[in-house]
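Asks: Sequence and predicted structure below; questions after.
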Amino acid sequence: MGAGMRRRDFVATLGSAAGWLLTEVVSPIAANAQQPAIPVIGFLNFSSAQSYQRQLAAFLQGLGESGFADGRNVRIEYRWADEHSDSLPAMAADLVAKNVAVIAATSTPAAVAAKAATTSIPIVFETGYDPIQLGLVRSLNQPGANITGVTQMNALVTSKRLELLHELVPDARVVGLLVNPSNPVLAENETSGAFAAARSLGIELHVFNASVERDFEGVFESLSLLKASGLVIGADPFYNSRSELLGQIAARRAMPSAFENREFVAAGGLASYGGDRIESYRLVGVYVARILKGEKPADLPVLQGTRVEMFINAKSARTLGLVVPLPLSGRADEVIE
């Protein structure tokens, strides 16, 4: 009887030990299995990381305002097309295949590619154009479906750049407009607006195309042959990534020129007029964070940038023999000496 009790006690003890061991081994696995995976953001852009450092920092700032940080409680899958727009559809499809939580499509070509790639994964875009005309949303207040975003409508202020150039060069009679034929819809929007402004100002407008760097010098050479008094550069991601180069060429060629950002003016370009793109990228980050917290893109109206910036290079103006009108310098956000 005593021996039987001892055997039963031994078996019971062994069973308890085995149960404890099994619990110790299985519990961490079960605990790990129950931990939710951190959400993944797909970041899709037409250009390169090197040329978009300030914009990327603003995007991360927008995320951070809601407590999200890459590598801590969210992971970002970056896809940079390095200005090869034909690679964007495959990149967008790859992000969809990875089933990311949301896609930040931070350029017009990227937004179009993301829109075509998915009707279910939320998309937050950034564009300088009319998102309705691009077919991204049905309306600004009620974007519908799985997409919303931010626009500065920079393409719509191309005519304002022409007016700005006319204020700086009041005797201008022949002016060029540079557009990217690789983005025909965008180029057409800018061209139509610029021609309307040119007619009202009594300016003869000539349209020039450039889709690769080697086209730039030829454009400025043609302007010289036309005895043109200035150049307006259209808002395009390709040109944005080469703002400094365009500013340098404009200065070297002594051609009064207007573009959309400060980088162009700081590099020697005469003037710029355009939306605050850094703020737009921050707002994209804010919207991505709101979607990660459960809001739906269809319920988030498209944000329109209300801040327009003007920069003038006073040194370039003096070199060109131009006088910056006092009222104009007073309206500028910065006059660079």
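Replies: Cool, the structure landed. Residues are numbered from 1 along each chain as shown.

Asks: So Phe216 lies in a helix, does it not?
Replies: Yes. Applying DSSP: H, G, I helix; E, B strand; the rest coil, one finds Phe216 inside a helix.

Asks: Check the gap between it and Arg79 for me.
Replies: Counting by C-beta to C-beta, to the nearest Å, the gap from Phe216 to Arg79 is 27 Å. For the C-beta atoms, the positions are set from N, CA and C on the backbone; glycine is no exception.

Asks: And the strands in this protein?
Replies: 40-45, 75-80, 102-105, 123-127, 147-151, 174-179, 204-209, 230-233, 257-259, 271-275, 303-304, 308-313, 334-336 (DSSP state E).

Asks: tell me the pLDDT at the closest residue to Ala116 other than its chain neighbours?
Replies: The shortest distance from Ala116 to any non-neighbouring residue, by C-beta to C-beta, 6 or more residues apart in numbering, is to Pro89 (6.7 Å). The model reports Pro89 with a pLDDT of 97.

Asks: contacting residues for Pro89?
Replies: Residues in contact with Pro89 (C-beta atoms under 8 Å, 6 or more residues apart in numbering) are 113, 116-117.

Asks: hey, where'd the helices end up in the stretch 201-337 of the chain?
Replies: 214-225, 237-240, 243-252, 262-266, 277-292, 314-319, 326-331 (DSSP state H, counting those that start in this stretch).

Asks: For the second one, give me every contacting residue.
Replies: If you take C-beta under 8 Å, 6+ apart as the criterion, helix 237-240 is touched by 46-47, 51, 83, 107-109, 178, 180, 182-183, 211, 233, 246, 259-261, 277.

Asks: Mind doing that once more with 10 Å?
Replies: 45-47, 51-52, 55, 81, 83, 85, 106-110, 127-128, 154, 178-180, 182-183, 186, 210-213, 216, 233, 245-246, 259-261, 263-264, 274, 277 (C-beta atoms under 10 Å, 6 or more residues apart in numbering).

Asks: and it, C-alpha only, in PDB?
Replies: Extracted C-alpha coordinates of helix 237-240, given in PDB (Å, rounded to 0.1, in the frame of the first residue of the first chain):
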ATOM      1  CA  PRO A 237       8.300  66.300 -60.100                       C
ATOM      2  CA  PHE A 238      11.200  66.000 -62.600                       C
ATOM      3  CA  TYR A 239      11.900  69.700 -62.500                       C
ATOM      4  CA  ASN A 240      11.500  69.900 -58.700                       C
END
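
Asks: what mean pLDDT does it have?
Replies: 88.

Asks: same deal with the third one?
Replies: Predicted confidence along helix 243-252 averages 97 (mean pLDDT).

Asks: Also stretch 194-207?
Replies: For stretch 194-207, the mean confidence score works out to 96.
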